[in-house]
Structures are given as C-alpha cells and as structure tokens.
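**Student:** below is the sequence, then the predicted model.
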Amino acid sequence: MVRSTVKELINSKDFDRDVLLKGWVRTRRGNNRVAFIAVNDGTSIHNIQVVADMESFPESVMKRVTTGSSIAVKGKLVQSPGKGQNVEIQAGKIEILGDSNPETYPLQKKGHSFEFLREIAHLRMRSNTFGAVFRIRHAAAFAIHKYFNDKGFYYLHTPIITASDAEGAGAMFRVTTLDLENLPRDEQGQIDYQEDFFGRSTNLTVSGQLEGELGALALSAIYTFGPTFRAENSNTPRHVAEFWMIEPEMAFYDIHDNMDLAEEFLKFLISYILENCRDDLDFLNQMVDKGLLDRLGFILENRFERTTYTEAIEILRKSGQKFEFPVEWGLDLQAEHERYLVEKHYKRPVILTDYPNEIKAFYMKQNDDGRTVRAMDVLFPQIGEIIGGSQREEIYEKLVGRMQQMNIPEKELWWYLETRKFGTVVHSGFGLGFERFLMFITGMSNIRDVIPFPRTPKNAEF
C-alpha cells in the first residue's frame, strides 16, 4: 500500500477507504478502552487523529505509542464526529517504527521558548511553529525560481570561494589549506599565499553581484540565489554569519525598470505564499504575530511610493518626530527613519532613490549632480530596508575614477572593468536577503528562527 501524507488525508473527501500513514506522535490521550493519537508527518500544520480500540492491539505495542515516537498506521479513513477535524483514521494495525522515551523527549506538549528551541535545532522542526516556518521557506524559494524562470531569467551559479570583496561589505571568512601551525612567510615576513591552494588569498563570498553582472552582460537577465557570508561579530536578532541572497542582474534595465521589477517580484512572492501556505500563515498570525496577515495585505494592496533620499531627509526633518539617530543629508538612514516614512508618512511601501555617493558602493551609476548615485532601497513596514540595489555604472572612465576615490584596486577587478570596454550597456540589479524577507513573511522576530541551522559568533553547532 502506498503511504498517504497528513496533508493529503486531511483534505480528502474520499472516505471509508484503507490508508497507510507514517509519522510522529504529537500527543496521545484516552482511557483503557480507546486511544486518540495525534500524528504529524511534517506535511501540514495540522495533525490527523488516529483512533485505536485498545482491545485490538497488544499492550506491548500501545505502551510504546508515546510523544515523539514514529509509527505506521494502517486503517480506514472516515469522517470524524469530533470538533475541529473533518477526518480521522480508525486504526487496524499499528507498527512502531522508532521508540521515544517520553521522560527525556525535549518537545513536550507545553510551550517552549524560541531560545530553548534553538538549543535543540535538530528537533525544533517537529514543532508547529518551526514546521510552519520551514514549509514557508521552501515555498518562498520555489516561488523565487518560478518568478525568474517565467520571466526568462537564467539562474547563474556564482562562486562561493572568491578573491574579491564585492563592495567592502564586511569582514570575510578566509579560505586556506595552509598549515596554521607553520605558515609560510615571504622575505618581508608576510604570509606567502603563493603556497596556498589557489596561489593567492581567498575568502567566502559576501555577494555574487559582480559575477552576476558578467552573466547579465551576456545573457541579458540572470539571477543568483545562494549562500553568502559575513564575518561580523554581531550578536543581534538581524544578523547571522551565513545567509542566502537573491541577486538579479539585468542588461538594458535603468533604475526605473529596476524598481518596477523589485515591486513586481516582492508582490509575486507574497501572493504565492498567501495562496500556497495559508494554513501555516494563519497559525503564525494567531500564535506569533497577530498583525502578520494585515501587513502582507498592506504590501499587496498598495502601490510602492517612489521618492528620493533628499526628499526623505526633508520629510524626516520636518516631521516633528524625535529619532534616536540624527537626520542629516549625507548620513545613512536607520530603520527608525525608514519605518517612519512607510508607516507614518506615506502609509505604503517606499522606494528611495538617489543616495549620496559617499555612503554607497563604487559600482553604482553616478548622477550628473556629482553628489548622488542611482541607488534604490525598498522599505517595508516593521523592518525598514528589505531590498537594496542600483543602476550600475556602465561608463569605464567614471567607474575607474570612483574606484580610485574609494581605494579599490583596479588590478584585482580587471575582469569587471573589461565588461565596460567591450560593448557596455545600461544595466541594473538588486539584492534581497532571503532570511530578512522570511522574517517579514512569517512574523518571526529573530533571524536565527528562519534558517534551519544558524551560524552566529561562537556558534556553529549542528
């Protein structure tokens, strides 16, 4: 007999048929005549109830049906007379697949804090909350690939090991095969990386953008979706050392095309998840963040407001609001400023453009005013910036000049510069931090709770 999943069975209208279910016991209740066993296999936020007549099963089997144990049940799928469930299984045969000691099983019926569940990350996906989060994570990843594939983008695998820092984005993790107890030195006493595996110093990537641009300047439109790494000693609810980034790059796109794509992309993802993960979202809206569904609707129902950084600074200065961080032209905006613009002033998502060049990366298109670049940040309620991007500088001389201003070695990025020599075109792109997006879509307040096995300072367990 083919195994049926909980998701299939709870949505079935084909009653009075024999089924095979395999899963983990969430709870068991009853008396010496009948047992009600809640079983979940991870395919749904909902459990399915298995009803077992105690006289039909050996005591040696039933005493092993405990919270956390895995079982296989053959029985009949019937309409349930109980409240809150449409179907149940009348058990004909129960097989114990794996025992669980109820006294030592960490996931008891009582609620557990997210901090405790991080300590048992090997088991936390069996809980309702994390089952919901990681099903949504899967759906979001699938939707990303679907969106770009349907628009004719090509999925480009950019290197995880790199010799370049894409934009001075932060401390990098070094990759080496050198013997750390006996490092080779040159005549100046510096580490001789010519003896290393790649013959030079290499690191884990902080972004696939620069290589992504190379792909776009041949294939027209590409996207990357992979892990990136920052060796920042930041123990905050918004930082992890290993996270995933989505970075589309498009030839023949200016900043306006870029903004259009970002808005359409985000709305597609949210619509897809609302359509395909509604039970999980309803659970999270009830148990984690009661404003979650309203915020998701807020994004879909509103056109994204588009304004400049300079206009935003004026709005903030005239707001009468007291901010913790100063508001001054030339300074980067903080989350409190971004949230004010979205939640209080415009009351809709916002895309800010034309930031001061001093606070943005070298590759961004320079505006004619000599002070600003064609950057764009998409701002959402509750979290502030969710996407950062720009039109890229396509003019060779301007790009070189900007690199010199920012002390970025031209020699290291000769390959990047050459794309501006041979058939250069207007092009643009942006980056979306996958985990930051997942925090928004699930209502989870800590980034460690939207990635299965978080990597943070002093923590690389599991």
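**Tutor:** Thanks, I have it. Numbers count the residues shown, from 1 in each chain.

**Student:** for the chain, give me the ranges with low pLDDT.
**Tutor:** Low-confidence segments of the chain (pLDDT under 70): 165-170.

**Student:** report the buried residues of the longest strand seen in it.
**Tutor:** If you go by DSSP state E, the chain has its longest strand at strand 17-30. Buried residues in strand 17-30, counted by 16 or more other Cβ atoms under 10 Å: 19, 21-26, 28. For glycine as for every other residue, the C-beta is placed from the backbone atoms N, C-alpha and C.

**Student:** just checking, what packs against it?
**Tutor:** Counting contacts by 3 or more Cβ pairs under 8 Å, 6 or more residues apart in numbering; DSSP states H and E, strand 17-30 is packed against strand 3-4, helix 6-10, strand 34-40, strand 48-53, strand 70-79, strand 87-98.

**Student:** turn those into JSON lines, including mean neighbour count and distance to residue 185.
**Tutor:** Supplementary listing: the helices and strands packed on strand 17-30 in JSON lines, determined by neighbours: other Cβ atoms under 10 Å; distance: least, Cβ to Cβ, whole Å:
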{"stretch": "strand 3-4", "mean neighbour count": "16", "distance to residue 185": "61"}
{"stretch": "helix 6-10", "mean neighbour count": "19", "distance to residue 185": "60"}
{"stretch": "strand 34-40", "mean neighbour count": "19", "distance to residue 185": "58"}
{"stretch": "strand 48-53", "mean neighbour count": "21", "distance to residue 185": "65"}
{"stretch": "strand 70-79", "mean neighbour count": "17", "distance to residue 185": "56"}
{"stretch": "strand 87-98", "mean neighbour count": "17", "distance to residue 185": "54"}
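
**Student:** may I have the secondary structure class of the closest residue to residue 447 other than its chain neighbours?
**Tutor:** Closest residue in space to residue 447, ignoring its immediate chain neighbours: residue 435 at 5.0 Å, by Cβ to Cβ, 6 or more residues apart in numbering. Following DSSP: H, G, I helix; E, B strand; the rest coil, the label given to residue 435 is helix.

**Student:** quick one: contacts for residue 435?
**Tutor:** Residue 435 is in contact with 240, 243-244, 447, 450-451, counting by Cβ atoms under 8 Å, 6 or more residues apart in numbering.

**Student:** which one of those is nearest to residue 120?
**Tutor:** Taking Cβ to Cβ as the measure, residue 120 lies nearest residue 451 of these, at 15.5 Å.

**Student:** and that closest one, how many neighbours?
**Tutor:** Residue neighbour count, defined by other Cβ atoms under 10 Å, stands at 19 for residue 451.

**Student:** that one and residue 240 touch, don't they?
**Tutor:** Yes - with contact defined as Cβ atoms under 8 Å, residue 451 and residue 240 form a contacting pair (6.4 Å).

**Student:** returning to that earlier point: ok, now how distant is the residue nearest to residue 447 from residue 330?
**Tutor:** From residue 435 across to residue 330, the span is 30 Å (Cβ to Cβ, to the nearest Å).

**Student:** first to last residue in stretch 6-21, what's the distance?
**Tutor:** Stretch 6-21 stretches 7 Å from its first residue to its last (Cα to Cα, to the nearest Å).

**Student:** domain parsing for the protein?
**Tutor:** 3-98, 126-170+206-449 (automatic domain parsing).

**Student:** helix/strand/coil for residue 300?
**Tutor:** Put simply, residue 300 is helix when judged by three-state DSSP.

**Student:** rewinding a little: for residue 87, state which of the contacts of residue 435 is nearest.
**Tutor:** Out of those, the member with the shortest distance to residue 87 (by Cβ to Cβ) is residue 450, at 31.4 Å.

**Student:** in the stretch 251-400 of the chain, which spans are helices?
**Tutor:** Under the criterion DSSP state H, counting those that start in this stretch, the stretch 251-400 of the chain contains helices at 255-276, 278-287, 292-301, 309-317, 335-339, 396-405.
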